[in-house]
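In: Quick check, what structure comes out for this input:
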Amino acid sequence: MASVIEVKNVKTIFEERVVHEGLNLSINEGEIYGLLGPSGCGKTTLLKEMVMLQNFSGGSIKVLGHDLKNIKHDEAQKLRKEWGVLFQAGALFSSLNIKENISLPLKEYTDLSQKMIDEIVEFKINLVGLKSADALLYPSQISGGMKKKSALARALAMDPKLIFLDEPTSGLDPISAREFDVLIVKLRKLLGLTIVMVSHDLQSIYDTLDRVAIIDNKKIVYEGNLDNIKNTKSEFIQTFFKGAGSLC
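Out: Down below sits the predicted model:
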């Protein structure tokens, strides 16, 4: 199976604080891959490094065959069109309605006509389970679950190959969270996506992820599926997955 993302010996240092001390992992095409670990271990930091929102101090990250350490500006701009990002709080622009939020990357990165953009936005809104009438609502007028779906529709606007999700079920009630999990799995199959997800939601982890990487004490302490994870000698794993047998 082809690797879509390769992380090799990545080091991250903020002034004198070492966050990552030689991370290694590989994400395969078509899988839903989780970045897990205790708070402050650098999960979201690694995700930001993968999408070029933050620099890393050493090692290499390759995304879709592009070396992010030595990438040129034009190449980086093209690569950004190949992925979508759903930030933890959605990061919708409060002054724009849902339709305008989803339209933004299409207006920024394409020369499509307004009519074509409108048709794409309509399709993406329906794809994530929102109603056409929701398009004219503003972020302040919609629920947390609708914000997540709207932000996901925006992340899908450019038909990306890769989707990055930062705590996608955070802040959602249990029913909305499970609905979002079902949506993620459905979209992966429907669109042939590769999905990278940071999560603390144990139910979501078991319901959606194919493989995981667990960051603890600045290293990857486990990479693989969830079947044998409890046999790994890690205090975080033993605590976090304690009593999770009923979820398997």
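
In: packing partners for the helix or strand of the chain with the lowest mean pLDDT?
Out: Comparing helices and strands within the chain by mean pLDDT, DSSP states H and E singles out helix 235-240 as the least confident, with a mean of 83. Packing partners of helix 235-240 (3 or more Cβ pairs under 8 Å, 6 or more residues apart in numbering; DSSP states H and E): strand 211-216, strand 219-224. Quick note: C-beta positions are derived from backbone N, CA and C, even for glycine.

In: My guess is Asn28 contacts Val4. True?
Out: Yes - Asn28 lies in contact with Val4 (Cβ atoms under 8 Å); the separation is 6.6 Å.

In: Mind checking the helices and strands packed on helix 235-240 for the one nearest to Val63?
Out: Among the helices and strands packed on helix 235-240, strand 211-216 comes nearest to Val63, with 15.3 Å by Cβ to Cβ.

In: And the closest one, how far out from the chain middle?
Out: 14 Å (Cα atoms, centre = their mean, to the nearest Å).

In: Next: stretch 159-173.
Out: Put simply, stretch 159-173 sits 5 Å off its chain's centre (Cα atoms, centre = their mean).

In: Just the buried residues of that stretch, please?
Out: Pro160, Lys161, Leu162, Ile163, Phe164, Leu165, Asp166, Glu167, Pro168, Thr169, Ser170, Leu172 (16 or more other Cβ atoms under 10 Å).

In: what mean pLDDT does it have?
Out: Here stretch 159-173 scores 92 as its mean pLDDT.

In: CA atoms only: put that stretch into PDB for me.
Out: Extracted C-alpha coordinates of stretch 159-173, given in PDB (Å, rounded to 0.1, in the frame of the first residue of the first chain):
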ATOM      1  CA  ASP A 159     -11.900  17.800  -3.900                       C
ATOM      2  CA  PRO A 160      -8.800  17.000  -1.800                       C
ATOM      3  CA  LYS A 161      -7.100  13.600  -1.600                       C
ATOM      4  CA  LEU A 162      -6.200  14.200   2.100                       C
ATOM      5  CA  ILE A 163      -8.200  15.500   5.000                       C
ATOM      6  CA  PHE A 164      -6.800  16.600   8.400                       C
ATOM      7  CA  LEU A 165      -9.200  16.600  11.400                       C
ATOM      8  CA  ASP A 166      -8.200  18.200  14.700                       C
ATOM      9  CA  GLU A 167     -10.500  16.800  17.500                       C
ATOM     10  CA  PRO A 168     -13.500  16.700  15.100                       C
ATOM     11  CA  THR A 169     -16.000  15.500  17.800                       C
ATOM     12  CA  SER A 170     -14.700  17.800  20.500                       C
ATOM     13  CA  GLY A 171     -17.500  19.900  22.000                       C
ATOM     14  CA  LEU A 172     -20.300  17.800  20.500                       C
ATOM     15  CA  ASP A 173     -23.000  16.000  22.400                       C
END
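
In: neighbours around Val212, how many?
Out: Val212 sits with 22 neighbouring residues when counted by other Cβ atoms under 10 Å.

In: check which helix or strand covers the spatially closest residue to it that is not a sequence neighbour.
Out: Distances taken as Cβ to Cβ, 6 or more residues apart in numbering put Gly34 closest to Val212, at 4.1 Å, once the chain neighbours are dropped. Per DSSP states H and E, Gly34 falls inside strand 32-36.

In: Now do that strand against strand 211-216, angle only.
Out: Orientation check (axes from the mean of the first three to the mean of the last three Cα atoms, to 10 degrees): strand 32-36 against strand 211-216 gives 10 degrees.
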